[in-house]
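1. I would like the atomic coordinates for the input below:
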Amino acid sequence: MTQPAIRAVVFDIGNVLVIWDPYPAFEQALGSRAAVDAFFDRIEFHERNLRADAGARFADLADELEDEADRALLASYPSRFGLTVAETIEGTWALMDRLRAAGLEIHAITNWSAENWDTGIAAQPRLGAAFGTAVVSGEVGMAKPDPAIFRLFCARTGLEPTECLFIDDKEENVAAARAIGMDGVRFTTPEALEPELEARGLI
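-> Residues are numbered from 1 along each chain as shown. From the prediction side, this is the model:
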């Protein structure tokens with residue numbers, strides 16, 4: 001049986017198209033990167049952030065904390081979220097433009113909290129118009145690497161998994177995409193991604 005041709009390239013966003021760096025959201029309040037690291041460790045920030053990616057609200061996550069100052073700081077994170085996505089990875093945007101020009105559909109599946117999505121678009125307006133379909137984990141209540149989010153994407157787009165190339169900076173997410181039948185590439189740099197796209201005849 002002939003393998004279906006790739007029709008769509010599906011991008012992760014954070015650390016693929018824009019750099020996500022949470023430190024600037026807290027450095028002014030805490031005074032140093034070391035103090036932010038201590039805060040992150042103390043409140044298990046990255047674990048709580050993953051829960052936000054899956055649909056939890058930061059105010060509710062903050063309410064779980066005992067320390068009043070920590071609670072207030074985490075609850076205020078959405079108001080400063082734009083500071084965390086201030087920098088783009090322009091080489092990936094250039095490759096995306098080439099893929100679109102070659103006739104590929106461009107979509108996204110991103111782990112991103114629902115309450116921070118609009119703030120992210122405000123900080124990086126190109127995100128608002130870049131994708132035919134963008135599945136935002138916090139809006140759908142499931143997050144990568146859950147296979148369900150990939151299946152939801154296919155249901156929304158009408159694409160077969162075998163028609164999609166998925167690009168993500170986390171190997172576990174790429175593995176999950178492959179497990180449902182997508183092709184997958186782990187992103188490291190635009191320079192490393194380009195030959196992967198060329199090898200598939202996409203650019």
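2. for Asn111, phi and psi?
-> phi -80, psi 110 (degrees, to the nearest 10).
3. Where do the strands of this structure begin and end?
-> Along the chain, counting by DSSP state E, strands occupy 8-11, 18-19, 87-88, 105-110, 134-136, 164-168, 183-186.
4. Tabulate the ones you listed (JSON lines), appending mean neighbour count, distance to Leu197 and mean pLDDT.
-> Backbone N, C-alpha and C define where each C-beta goes, glycine included. Shown next, in JSON lines, are the strands of the chain (neighbours: other Cβ atoms under 10 Å; distance: least, Cβ to Cβ, whole Å; pLDDT from 0 to 100):
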{"stretch": "strand 8-11", "mean neighbour count": "25", "distance to Leu197": "8", "mean pLDDT": "98"}
{"stretch": "strand 18-19", "mean neighbour count": "17", "distance to Leu197": "19", "mean pLDDT": "98"}
{"stretch": "strand 87-88", "mean neighbour count": "12", "distance to Leu197": "19", "mean pLDDT": "98"}
{"stretch": "strand 105-110", "mean neighbour count": "22", "distance to Leu197": "12", "mean pLDDT": "98"}
{"stretch": "strand 134-136", "mean neighbour count": "22", "distance to Leu197": "20", "mean pLDDT": "98"}
{"stretch": "strand 164-168", "mean neighbour count": "25", "distance to Leu197": "8", "mean pLDDT": "98"}
{"stretch": "strand 183-186", "mean neighbour count": "19", "distance to Leu197": "8", "mean pLDDT": "98"}
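5. Make TSV out of the ones you listed and add distance to Arg33.
-> Listed next are the strands of the chain as TSV, based on distance: least, Cβ to Cβ, whole Å:
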stretch	distance to Arg33
strand 8-11	29
strand 18-19	16
strand 87-88	16
strand 105-110	26
strand 134-136	29
strand 164-168	26
strand 183-186	27
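6. for the protein, what are the low-confidence residue spans?
-> For the chain, the stretches with pLDDT under 70 are 1-3.
7. Let me see the ranges of the helices in it.
-> 24-30, 33-43, 45-53, 58-63, 68-75, 90-101, 114-123, 137-140, 147-157, 171-179, 190-199 (DSSP state H).
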